[in-house]
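Undergrad: Here's my sequence, what's the structure:
(2 chains)
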2 protein chains.
Amino acid sequence: MRIALDIMGGDFAPGEIIKGLKLALSDFPDVQKFLLVGDSEQVADVLIEHDLSVSDPRLEIIHASQVVGMDDASSVAVRRKKNSSIAVAAKLISEEKADAVVSAGHTGAAVASMIVTNRMLPGIDRPGIAGVFPAPDGPFIMLDVGANVDSKPMHLAQYGILGEAYSKVVLRVKNPKIGLLSIGTEDKKGNDLTREAYQIMAKLPINFVGNVEGNDLFGNQVDVVVCDGFVGNTVLKSCEGLAKAISKILKSSLKKSAVRRAGALLSKNAFKELKELTDHEEYGGAPLLGTKGICIIAHGSSSSKAIRNAIRVAREMVKNQINEKISDKISGIDWTATGNKA
Amino acid sequence: MRIALDIMGGDFAPGEIIKGLKLALSDFPDVQKFLLVGDSEQVADVLIEHDLSVSDPRLEIIHASQVVGMDDASSVAVRRKKNSSIAVAAKLISEEKADAVVSAGHTGAAVASMIVTNRMLPGIDRPGIAGVFPAPDGPFIMLDVGANVDSKPMHLAQYGILGEAYSKVVLRVKNPKIGLLSIGTEDKKGNDLTREAYQIMAKLPINFVGNVEGNDLFGNQVDVVVCDGFVGNTVLKSCEGLAKAISKILKSSLKKSAVRRAGALLSKNAFKELKELTDHEEYGGAPLLGTKGICIIAHGSSSSKAIRNAIRVAREMVKNQINEKISDKISGIDWTATGNKA
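TA: Okay, the predicted model is just below:
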C-alpha cells in the first residue's frame, strides 16, 4: 500500500503534516510507502527537523515546484499550476504509483485535480465529499458537503451508493440507513431537487429510509444523509460555528464566579469527553468519493493527529477496496428501472 | 391595537395558548383587543378554566369550526378548510378587524392563508419566515427559513429589505449588516442562485456586507442573513438538533461520577444562562414577512412564555409600522438599476 501525502497543503504545513506522518509510520506498519509531495528541498529539511531519515525505505520525496494558495480559484489552480503538490499527488494515482492521496490544502483544487487526472468511477457523474458528523450514538456521514453545487437528482441518488460504501467500509455499519435531507418527512415535501431524487432513491438497492430533517440528524436516525453540496457545506459550517459558540458561551459563563469555577474544575472530565466526541480530528478528514483512486481531504487547520487519522481512513479505504465495491454495486443497477437513464 | 390569536394551533393548544394570553393581558396593556379564534364553546370553556372572563371587554371570541391538523397538506388546508382557525384569523386582517395574527399551528397553512387572504406587499414577490438565532453577542435573523423553496435571485434580494426592517424594528439594530448565506466569501463563490442574488443585493440601498459562511453566523458578523427557504429551514433544524445533542451528551457525561455531579451542581447557574441564551421561546416565534398584515408563526411546541413573547413581537411590529416602512423602502428602489425588473 502506497499513500501520497501533500506536504505543502494546510494552515500548519509542512510541520504538522510531517508530525502526522511520523505518527502514521509507527501506527500503520502495513503502509509500505509514503510518497511525500512538495518542494523537495523543503521536504528534506523538515524531515530531518523531525528526526526522520530521507533514506528511510518507506519514504520517497516527489518534487512539486508549485503550491496552490488558499486564495487561488480551483479552476485557475488546476489549469495554471500543473506542478502543484496536489496536482502531482493526484497524478501519482493515475500513474499507479500511489493508491491514495491525503491533502489538507485547497479543497476545490483537490477535487478538480482528482477529476481531471483520475476521472470518475464508471456510472458516477459527480464526486461528493463525505463529512463525518458526531452524534450521541455514533457518527453519521453527510454528502455532499462541498464538491458539487447545483446538483441534479441523479447525483443525489448516486451519493446514496457512495455513502453506503463508505459507511460500511470505514464506519463498519452493517446495513447503513440512507436518508435524503429535506424539510419534511413525506416524499412530497422538499424542493424540486429532493422530490425527484426521492423517487430515484426509493428504487435503488440500498436501505433508503426516506426524507430526514435537520433536527433528526443528531438523533442517529440515519447513518448516511445525502444532499446538494451547497446545502451540505452550509449545514456543516453552521454546525461547526454553533458548537464553537456554545462552548464559548459556556466557558465565559463558567468563569463568572468562584463557585462556578470550582464546579467547572470538578466536571472538567465531562467537558473533555464532549470535546472528544465532537472532535473532527478524530474522524480523519473528509473522503472525496466517486473518483478513481482514493483522496482524503483533511481540514485546513489539521493538526498532526488529524493528519494521522486521515492516513488511517485512506488506508482502510484502500485495504477494503471501496472503489471496487462501489463499481460492483453501480454496475448491477438498472437505472432505467429507476425512471432515469444513467 | 388588535391581535388575533389562533387558539387551536400548536402541540399544547388550547391550554398553553390561553396561559400565554393571560401573561400578555397583564404585560401589554396597550393591546386593546385580543380576538380569540377557535371553536367558540371550547374557547369559552378554556378561558373559564384559566380564570379569565368571557365578558372581559379586551377579549372577543371569533368562531372557527375547523382546525388544520399537523398532517394536512398546506394547499389542501387552504382550499378545503376555509373555516379553520388560521384561515379565519388571517381573514380578520383583510376585514380590518385585526392588525396581527399569532399562531403556533401548521406553518404552511399560516403562510398560505396569509398569502391567499391578504396578498403580498406591493413590490414583494414571495414572503419569507425570519428565524431568530442566538449568538454570543446578541441574536441575528435568518430568512427565509421555510416559506419559499426553489427561490429566485430577486426573492433573496427582497429578503434583504424585509430582514433589515425587522432587525431595526424588533431587534433595535441601527444599521443592520445584511449578508448572503454562501459557501465562500468571494462574490463568485456559491451556487447559481447566490451568485445572481449577490449582484442584485450589492446595488440595493442596504448595508450589504457580501457572502457569509455558516461558520461565521454565530460569530455575530451579520445581523441578517438571507437564503433560500430550503437551505434556511435545514440550517435552522440542524442547529436545533445539534444544540439538543450537545446538551444530551453533556448531561449524561456530567452524571457519570459523584465528583462530576458535584461539579455540575456548583456550575448549574452557568448552564441556566446558556439555556436562556439559546432559548427560542425568548424570541417569540418567527415573523412571516412580506405579506399585508402581521403574522407571527410560533413554534409548534410553544409554551405560554413563547406565546406571550410572540404577542410581544407582533405588538412591536404593529406599533412600529413595519409594513409601512418596508413599502416606503421598496417603492424607492429602482429595480432596473439593479439589473433586474421588479
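
Undergrad: Phi first, then psi, for the residue nearest to the spatial centre of chain A.
TA: Residue closest to the mean C-alpha point of chain A, counted by Cα atoms, centre = their mean, is A:A286 at 0.9 Å. Phi and psi for A:A286, reported as degrees, to the nearest 10, are phi -110, psi 120.

Undergrad: Could you list the low-confidence segments of chain A?
TA: Filtered on pLDDT under 70, chain A yields the residue ranges A:271, A:273-281, A:339-342.

Undergrad: for it, longest helix please?
TA: helix A:229-254 (DSSP state H).

Undergrad: Is chain B within reach of that one?
TA: Yes. Contact of helix A:229-254 with chain B (Cβ under 8 Å from any Cβ of the partner chain) involves A:229-231, A:233-246, A:248-250, A:252-254. In short, each C-beta sits where N, CA and C put it, glycine included.

Undergrad: what packs against that helix?
TA: Other elements packing on helix A:229-254 under the criterion 3 or more Cβ pairs under 8 Å, 6 or more residues apart in numbering or on different chains; DSSP states H and E are strand A:128-133, strand A:140-143, strand A:178-181, helix A:258-266, helix B:214-217, helix B:229-254, helix B:268-277.

Undergrad: Out of the ones you listed, indicate the one that is most buried.
TA: Mean neighbour count (mean count of other Cβ atoms under 10 Å in any protein chain shown) peaks for strand A:140-143 among the helices and strands packed on helix A:229-254, with a mean of 29.

Undergrad: Tell me the neighbouring strands of that strand, and mark each as parallel or antiparallel.
TA: Strands adjacent to strand A:140-143 in the sheet, as given by DSSP bridges, are strand A:128-133 (antiparallel), strand A:224-226 (parallel).

Undergrad: With just CA atoms, put the helix or strand just after that strand into PDB.
TA: Using DSSP states H and E, the next helix or strand after strand A:140-143 towards the C-terminus is helix A:153-169. What follows is helix A:153-169, C-alpha atoms only, in PDB (Å, rounded to 0.1, in the frame of the first residue of the first chain):
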ATOM      1  CA  PRO A 153     -31.500  14.400  -8.700                       C
ATOM      2  CA  MET A 154     -29.300  11.600 -10.200                       C
ATOM      3  CA  HIS A 155     -26.200  13.000  -8.400                       C
ATOM      4  CA  LEU A 156     -28.000  12.700  -5.000                       C
ATOM      5  CA  ALA A 157     -29.100   9.200  -5.800                       C
ATOM      6  CA  GLN A 158     -25.500   8.200  -6.600                       C
ATOM      7  CA  TYR A 159     -24.400   9.800  -3.300                       C
ATOM      8  CA  GLY A 160     -26.600   7.100  -1.700                       C
ATOM      9  CA  ILE A 161     -24.400   4.400  -3.200                       C
ATOM     10  CA  LEU A 162     -21.200   6.200  -2.400                       C
ATOM     11  CA  GLY A 163     -22.200   6.900   1.200                       C
ATOM     12  CA  GLU A 164     -23.400   3.400   1.800                       C
ATOM     13  CA  ALA A 165     -20.000   2.000   0.700                       C
ATOM     14  CA  TYR A 166     -18.100   4.500   3.000                       C
ATOM     15  CA  SER A 167     -20.300   3.800   6.000                       C
ATOM     16  CA  LYS A 168     -19.800   0.000   5.600                       C
ATOM     17  CA  VAL A 169     -16.100   0.100   4.900                       C
END
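
Undergrad: measure the residue nearest to the centre of chain A to B:A77 for me?
TA: Distance, A:A286 to B:A77, by Cβ to Cβ, to the nearest Å: 41 Å.

Undergrad: so A:V102, which of the three states?
TA: strand (DSSP: H, G, I helix; E, B strand; the rest coil).

Undergrad: Identify the bridge partners of it.
TA: Applying DSSP bridges, one finds that A:V102 bridges with A:L5, A:I296.

Undergrad: sorry, back to before: please name the bridge partners of the residue nearest to the centre of chain A.
TA: Beta-bridge partners of A:A286, counted by DSSP bridges, are A:I297.

Undergrad: And for A:V224?
TA: When assigned by DSSP bridges, A:V224 has beta-bridge partners A:I141, A:I178.

Undergrad: circling back: nearest to B:V68, out of the strands paired with strand A:140-143?
TA: B:V68 lies closest to strand A:224-226 among the strands paired with strand A:140-143, at 29.2 Å (Cβ to Cβ).

Undergrad: May I see the buried residues of the closest one?
TA: By 16 or more other Cβ atoms under 10 Å in any protein chain shown, the buried positions in strand A:224-226 come out as A:224-226.

Undergrad: Could I get the contacting residues of A:M142?
TA: By Cβ atoms under 8 Å, 6 or more residues apart in numbering or on different chains, the contact list for A:M142 reads A:130-131, A:133, A:181, A:217, A:224-227, A:232, A:235-236.

Undergrad: Pick the one among the buried residues of strand A:224-226 closest to chain B.
TA: Of all the buried residues of strand A:224-226, A:V225 has the smallest distance to chain B: 10.0 Å, by Cβ to the nearest Cβ.

Undergrad: Pretty sure A:K244 sits against B:F218.
TA: Yes. Contact status for A:K244 versus B:F218: in contact at 6.9 Å, counting by Cβ atoms under 8 Å.

Undergrad: Let me know the angle separating the longest helix of chain A from helix A:258-266.
TA: Relative orientation of helix A:229-254 and helix A:258-266, computed by axes from the mean of the first three to the mean of the last three Cα atoms, to 10 degrees: 120 degrees.
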